[in-house]
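K.L.:
need a 3D model of the sequence below.
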Amino acid sequence: MRLEGKSLKGDFIRFIIPSIVAQWVFALYTMVDGIFVARGVSEVALTAVNISMPYVMALYAISILFAVGTSTVVAIMLGEKNIKRANEVFTQNIVLLCILSIIVTVVVMLNLERFADFLGATAHNREYVLDYLGTLAPFSGLFILAYSFETLIKTDGYPKRATIIVTTGSLMNVVLDYFMVMEWDMGIEGAALATGLSNVALIGLYLMHFLAGKGTIKFRKFKMDLPLVWREFKNGLPSGITELSTGLIIFLFNQAILRYLNEDALVSYTIISYVNSIAIMSMVGIAQGYQPLISYYYGQKRIERCRKLMRYGITAAVVVSVVFTAGSVIGAKGIVGMFVAKELTELSAYSVHVMCIFVLSFLVAGYNIVIGGYFTAVEKPVSAMVISVARSIVMLVLSLGLLTALFGGSGIWWSPTLAECLTFILTIGLFIRYKKGWKKEN
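P.N.:
Numbers count the residues shown, from 1 in each chain. So this is what the prediction gives:
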C-alpha cells in the first residue's frame with residue numbers, strides 16, 4: 001500500500017476525502033436521473049426512479065460486500081508484505097463478480113415485470129418503472145464491478161486517482177442525462193441509458209489503472225480458494241448490509257407511504273431519499289475510507305495506530321452528521337424546489353416539513369456506521385454484522401411498525417431517528433465490550 005507517511009492524520013484525511021467524494025458521486029447517479037426526470041418528464045416519472053432505487057442499491061450492496069471484504073483481506077496481506085497472495089485475492093474477486101454479474105443480469109431481464117411489481121410499482125407509474133428498469137438492467141454487472149474497482153484502487157494507495165475516475169463518470173452522466181432527457185426527448189429511458197453508459201466509461205478507466213501495472217495490486221493467475229471467499233464474505237457482509245439498508249429503507253418507506261398516506265407523499269419521500277442517500281453514503285465513505293488503513297496497520301500488529309484512526313473516524317462522523325442535519329434543515333426549501341414545481345405549494349410545504357423531521361436521524365447514524373466499519377477492518381465481523389442488521393432491518397422495522405401503529409402516517413417520518421437511537425445504544429455496548437479486550441490485542 002502506498003502511504004505518504006508524513007502523519008497518520010494526514011493519511012486518514014487523504015483516504016477518507018476521496019472515499020466520501022466517491023460515495024457522493026455514486027449517490028448522485030440516481031439523484032441526477034431524478035432531477036432531469038422531474039424536470040423533463042413528470043413528477044410521476046420521478047416516483048418511478050425512486051421505486052427503482054432499491055434495485056440499484058442492491059447492486060451496490062453486492063459490490064460493496066465483496067469490495068470491502070476483499071479490500072480488508074488484501075490490505076492485511078499487504079501489511080504482512082504478502083503481495084503475491086494479495087494479487088491472487090484481487091483477481092479471484094473480480095472473476096467472481098463477473099460471474100455473479102451475468103447471473104443477476106439474466107435473472108432480472110427474464111423477470112422484469114415481477115421485479116417492478118415487487119418494488120412497488122403502481123398503476124400510475126408502472127410503465128415508467130418498466131422503462132427505467134428495463135433500460136438499466138443490462139448494465140447491472142457494471143454497477144457491481146464499478147464500486148469494487150474503485151475501492152481496490154484506494155486499497156492500492158491511489159485514493160485521488162479513484163476520485164478523479166469516479167468524478168469523470170459522474171460528469172459524463174450529467175451531460176448524457178441533459179442531452180438524452182432534455183434535448184433528445186428520450187424520457188425516463190434516456191436517463192437510465194445515460195447512467196448505464198457512464199458506467200461503461202468508468203469500467204474502462206478502472207481497467208486502465210490495473211492493466212498499466214504501476215500499482216502494487218495487479219491481475220495474476222489464481223486457484224479458486226473457497227475458504228478465502230468465505231473470509232471475504234464475512235468481512236464484507238456488514239458493509240454490504242449497510243449499503244443495502246438504504247435501498248431497504250426506501251422499499252419499506254414506499255410500502256408504508258402507499259398504505260398510510262398517498263402518492264403525493266411518495267414524491268416527498270423520493271426527495272428525502274436522495275438527501276438520505278448522500279448523508280448516509282458520506283458516513284459510509286468515512287468508514288470505508290479508513291478501513292484499508294486500519295486493516296494495513298492491523299496486519300502489522302500496530303494496534304495503537306488502529307485506535308487513533310478509530311478516534312479520527314468518530315470525530316469525522318460527528319462533524320459530518322451535524323453538518324448534514326443542519327444543512328438539510330436550513331436548505332430544505334431549496335432542495336425541494338429542485339424537484340417540485342413552484343405552483344405545487346402544498347406539496348412543497350409538506351415535503352419541507354417531513355424532511356426536517358427525517359434528517360434528525362443523521363445525528364447518531366454516523367457513529368453507528370463508523371464503529372461498524374472499524375469492527376470490519378479488524379476482522380470482527382460478528383460485531384459489525386450485529387450493528388448493520390440492527391440499524392438496517394431489526395430496529396427500523398420495529399420503529400416503523402410501532403410508530404405507524406401509534407401515530408399513523410406521521411410516525412413514518414420519525415421512525416429512522418428512533419431506529420438509529422436504539423442502534424446507538426447497542427453499538428455503545430458492543431464497543432465497551434471490545435475495549436475490555438484491548439490488552440489482549442497488545
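K.L.:
what is the burial count for I303?
P.N.:
The local packing of I303 (other CB atoms under 10 Å) involves 15 other residues. Using the backbone N, CA and C atoms, a C-beta is placed for each residue, glycine as well.
K.L.:
for the one 3 residues further on, same thing?
P.N.:
The tally of other residues near C306 (other CB under 10 Å) stands at 21.
K.L.:
that one reaches P292, doesn't it?
P.N.:
No: C306 is not in contact with P292 according to CB atoms under 8 Å; the separation is 12.0 Å.
K.L.:
identify the contacts common to these two.
P.N.:
A377 (CB atoms under 8 Å, 6 or more residues apart in numbering).
K.L.:
which residues of the stretch 151-300 of the chain fall in strands?
P.N.:
Counting by DSSP state E, counting those that start in this stretch, the stretch 151-300 of the chain has no strands at all.
K.L.:
below-threshold pLDDT in it: ranges please.
P.N.:
For the stretch 151-300 of the chain, applying pLDDT under 70 flags the ranges 242, 246.
K.L.:
ranges for the helices of it?
P.N.:
159-177, 187-212, 226-260, 263-299 (DSSP state H, counting those that start in this stretch).
K.L.:
now Y350: how far from C356?
P.N.:
According to CB to CB, to the nearest Å, Y350 stands 11 Å off from C356.
K.L.:
any idea which element Y60 lies in?
P.N.:
Assigned by DSSP states H and E, Y60 belongs to helix 43-79.
K.L.:
now do the next helix or strand after that helix against helix 226-260: the angle between them, please.
P.N.:
Proceeding N to C from helix 43-79, the next assigned helix or strand is helix 83-110, under DSSP H and E. Interaxial angle of helix 83-110 relative to helix 226-260 (axes from the mean of the first three to the mean of the last three CA atoms, to 10 degrees): 40 degrees.
K.L.:
now helix 83-110, how far from the chain's geometric center?
P.N.:
19 Å (CA atoms, centre = their mean, to the nearest Å).
K.L.:
and the angle from the helix holding Y60 to helix 187-212?
P.N.:
Using the same axes, to 10 degrees: helix 43-79 against helix 187-212 is 10 degrees.
K.L.:
what is the mean pLDDT for helix 43-79?
P.N.:
The pLDDT scores in helix 43-79 average 84.
K.L.:
what's the angle from that helix to helix 263-299?
P.N.:
Using the same axes, to 10 degrees, helix 43-79 lies at 10 degrees relative to helix 263-299.
K.L.:
now helix 43-79: how far from the chain's centre is it?
P.N.:
That offset, for helix 43-79, works out to 5 Å (CA atoms, centre = their mean).
K.L.:
now swap in stretch 261-276 and tell me
P.N.:
How far stretch 261-276 lies from its chain's middle: 19 Å, per CA atoms, centre = their mean.
K.L.:
so which bits of it are buried?
P.N.:
Residues of stretch 261-276 classed as buried: 261, 264-276 (neighbour count, 16 or more other CB atoms under 10 Å).
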